[in-house]
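Peer 1: following is a predicted model, sequence given first.
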Amino acid sequence: MAEDERLVGKLTVASDVINAAVDFFHDEGFIQLLPVMLGKSTDPLGPDPGSSVIKTAEIEYLGAKLRLMNSMILHKQVAVRKLGKKIWILSPNIRLEKGERKTTKKHLFEFTQADFEIPNAKKEDVMALVERFYKKLNKRMRKSEAFTALGIEPFKFKTPFKVYETHKLEEKYGADWEAPASEAAKQPFWALCHKREFYDKEDVSNPGHYLNYDLVYPLGFGEALSGGERESDYKRILERMGRDKLSMDIYTAYLKEAEQGFLPSAGAGFGIERLVRFLTKEEHIGGVQLFRRVPGEDITI
Ligand code: ASN
């Protein structure tokens with residue numbers, strides 16, 4: 001098959017996936033918001049020793065410093081407070097990763113995630129919702145003609161997915177458990193409890209444990225989604241930010257919102273390109289983008 005035809009096939013799958021997400025979140029009663037791309041505060045993406053983000057992109061505009069969205073997590077908390085509703089966004093993210101991330105085959109410095117947040121929800125609610133999405137995707141993908149054109153069978157997701165604690169995965173596979181655990185799996189699985197950003201809630205009854213989760217694709221494709229229950233209490237947020245030694249000037253605007261009180265919520269985001277890569281069994285994630293945004297690669301236009 002000509003390279004262009006394959007690309008059309010992959011982009012048709014992407015189009016089907018986006019459509020499936022729009023229908024799914026609509027049917028589940030979510031309000032779809034349009035994305036913001038600039039803000040005073042954005043996701044710190046860490047501190048995380050495994051993170052390779054060089055810097056958060058900033059622009060000066062009329063004397064103000066605005067940051068390009070690493071993710072819309074902080075805006076999601078504000079949106080849930082303002083609206084009191086389930087919300088989701090097809091959100092473009094910029095993450096300026098080190099060039100060596102090209103070899104992971106799953107990193108892009110510009111990508112889109114389906115990012116959602118649910119007021120008064122717990123992690124079990126999010127996990128059940130995500131499993132409903134993948135189940136519905138089966139039917140949708142069976143109907144997609146693009147798979148016939150690509151000469152592959154659509155993957156059949158079998159829910160419920162297995163659930164593991166990260167410390168168990170570490171015991172079995174070591175600190176870098178994600179790749180080997182993904183290689184060994186036949187279906188996506190949940191990995192619970194990650195020590196990460198201040199906005200993911202710590203289990204108060206079990207300090208050092210976190211009420212968050214990742215979904216990991218099987219067959220070596222790695223992380224699909226990440227999310228968590230949120231730290232909604234102003235004092236706890238301040239405490240966690242202090243623990244993370246974040247430079248507070250970036251978060252002044254966010255903290256003003258937090259001071260007014262957030263609703264407890266839980267949510268997550270899954271990368272559209274990662275899902276398309278998994279479905280189309282593409283070797284490198286750059287192969288599912290028409291305009292490749294791969295760390296360490298020059299861009300054509
Ligand atoms: N979307 C993720 C979440 O909801 C945050 C992220 O992309 N870093 O937790």
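Peer 2: Yep, that arrived. Residues are numbered from 1 along each chain as shown.

Peer 1: C-alpha from now on. contacts and neighbour counts both.
Peer 2: Will do.

Peer 1: top helix in this structure by residue count?
Peer 2: helix 3-27 (DSSP state H).

Peer 1: now the very next helix or strand once past that helix: how far from the chain's centre is it?
Peer 2: With elements assigned by DSSP states H and E, the helix or strand that comes after helix 3-27 is strand 31-33. Centre-to-centre, strand 31-33 and its host chain are 17 Å apart (Cα atoms, centre = their mean, to the nearest Å).

Peer 1: partners of whatever helix or strand comes next after strand 31-33, with directions?
Peer 2: Of the helices and strands lying after strand 31-33 in sequence (DSSP H and E), the nearest is strand 38-39. Taking DSSP bridges as the criterion, strand 38-39 pairs within the sheet with strand 64-68 (antiparallel).

Peer 1: what's the following helix or strand past the partner strand packed up against?
Peer 2: Counting by DSSP H and E, the next helix or strand C-terminal to strand 64-68 is helix 73-83. Counting contacts by 3 or more Cα pairs under 8 Å, 6 or more residues apart in numbering; DSSP states H and E, helix 73-83 packs against strand 87-94, strand 110-119, helix 252-259.

Peer 1: for the longest one, which outside residues touch it?
Peer 2: Yep, that's strand 110-119 we're talking about. The contact list for strand 110-119 (Cα atoms under 8 Å, 6 or more residues apart in numbering) reads 21, 72, 76-77, 80, 84-95, 263-273, 293-294.

Peer 1: just the buried ones from the residues you listed?
Peer 2: The neighbour count (16 or more other Cα atoms under 10 Å) marks 21, 72, 76-77, 80, 85-95, 263-273, 293-294 as buried among those.

Peer 1: residue 266 bridge partners, please.
Peer 2: Beta-bridge pairing of residue 266 under DSSP bridges involves residue 118, residue 229.

Peer 1: does it really touch residue 124, like I thought?
Peer 2: No. Using Cα atoms under 8 Å, residue 266 is not in contact with residue 124; the gap is 9.5 Å.

Peer 1: out of the contacts of strand 110-119, which are close to the ligand?
Peer 2: 267, 268, 269 (Cα under 6 Å from any ligand atom).

Peer 1: how about residue 48, what does it touch?
Peer 2: By Cα under 8 Å, 6+ apart, the neighbours of residue 48 are residue 196.

Peer 1: between the helices and strands packed on helix 73-83, which one is nearest to residue 40?
Peer 2: Evaluated with Cα to Cα, the helices and strands packed on helix 73-83 place helix 252-259 nearest to residue 40, the distance being 6.5 Å.

Peer 1: for that closest one, enumerate the helices and strands it packs against.
Peer 2: Using 3+ Cα pairs under 8 Å, 6+ apart, helix 252-259 sits against helix 73-83, helix 234-243.

Peer 1: report the buried residues of the shortest one.
Peer 2: When neighbours are counted by 16+ other Cα under 10 Å, the buried residues of helix 234-243 are found to be 234, 237, 238, 240, 241.

Peer 1: the ligand contacts on this structure?
Peer 2: 45, 71, 73, 115, 226, 227, 228, 267, 268, 269.

Peer 1: how does it look with 8 Å?
Peer 2: 43, 45, 70-73, 113-117, 200, 225-228, 266-270 (Cα under 8 Å from any ligand atom).

Peer 1: any idea which of the helices and strands packed on helix 252-259 gets closest to residue 49?
Peer 2: Per Cα to Cα, nearest to residue 49 of those: helix 234-243, 14.9 Å.

Peer 1: contacting residues around that closest one?
Peer 2: With Cα under 8 Å, 6+ apart as the criterion, helix 234-243 contacts 198, 199, 231, 255, 258, 259, 261, 262.

Peer 1: cool, thanks, talk later.
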